[in-house]
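Chemist: Quick one: sequence plus predicted model below, questions after.
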Amino acid sequence: MKHKKNPVIAEVVLAQARYCHTQMSGLSTASIHENERSGTSWTLEWMLVPTLLIASADTVVNTEELIETLTFT
């Protein structure tokens, strides 16, 4: 059907938002430090932060693209 368009970008944005939410729970876990400077927690934080920033930035770009392509009939 020529007129039918699948909302793929909208689904991607929702999946990315859920992914970021999952990463945030990992950061919450990493915030529990056994001592003043827990090497394990610090390492976990720095494993999660870059992926969270990249995913968040990509979500913003995809959301902007989604908004720009909206059509109202």
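Modeler: Yep, it's here. Numbers count the residues shown, from 1 in each chain.

Chemist: contacting residues around the nearest residue to Val12 once chain neighbours are set aside?
Modeler: Spatial nearest neighbour of Val12, chain neighbours left out: Asn62 (5.7 Å); criterion: CB to CB, 6 or more residues apart in numbering. Any C-beta I mention is one placed from the backbone N, CA and C, and that applies to glycine too. When contacts are counted by CB atoms under 8 Å, 6 or more residues apart in numbering, Asn62 touches 9, 12-13, 16.

Chemist: Same question for Leu52.
Modeler: 20, 23-24, 27.

Chemist: So which of those residues sit within helices?
Modeler: 20, 23-24, 27 (DSSP state H).

Chemist: What about these, which one has the most neighbours?
Modeler: In terms of neighbours by other CB atoms under 10 Å, those top out with Gln23 at 18 neighbours.

Chemist: so what's it closest to, chain neighbours aside?
Modeler: The shortest distance from Gln23 to any residue other than its chain neighbours is 4.3 Å, reached at Leu52 (CB to CB, 6+ apart).

Chemist: Could you check which helix or strand contains that neighbour?
Modeler: helix 39-68 (DSSP states H and E).

Chemist: In stretch 58-73, which residues are buried?
Modeler: For stretch 58-73, burial by neighbour count (16 or more other CB atoms under 10 Å) applies to 59, 62-63.

Chemist: export these to CSV and tack on distance to Lys5?
Modeler: As requested, the buried residues of stretch 58-73 are exported to CSV (distance: CB to CB, whole Å):
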residue, distance to Lys5
Thr59, 21
Asn62, 16
Thr63, 17
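
Chemist: if I look at Met47, how far off is Gly26?
Modeler: 8 Å (CB to CB, to the nearest Å).

Chemist: And for Met47, the neighbour number?
Modeler: Neighbours around Met47, by other CB under 10 Å: 13.

Chemist: if I look at it, how far off is Ala30?
Modeler: Between Met47 and Ala30 the computed distance is 9 Å (CB to CB).

Chemist: follow-up on the earlier one: so which of the buried residues of stretch 58-73 comes closest to Arg37?
Modeler: Thr59 (32.0 Å; CB to CB).

Chemist: for the residue nearest to that closest one when sequence neighbours are not counted, phi and psi?
Modeler: Leaving out its chain neighbours, the residue that sits closest to Thr59 by CB to CB, 6+ apart is Gln16, at 4.1 Å. Backbone torsions of Gln16, given as degrees, to the nearest 10, read phi -70, psi -40.
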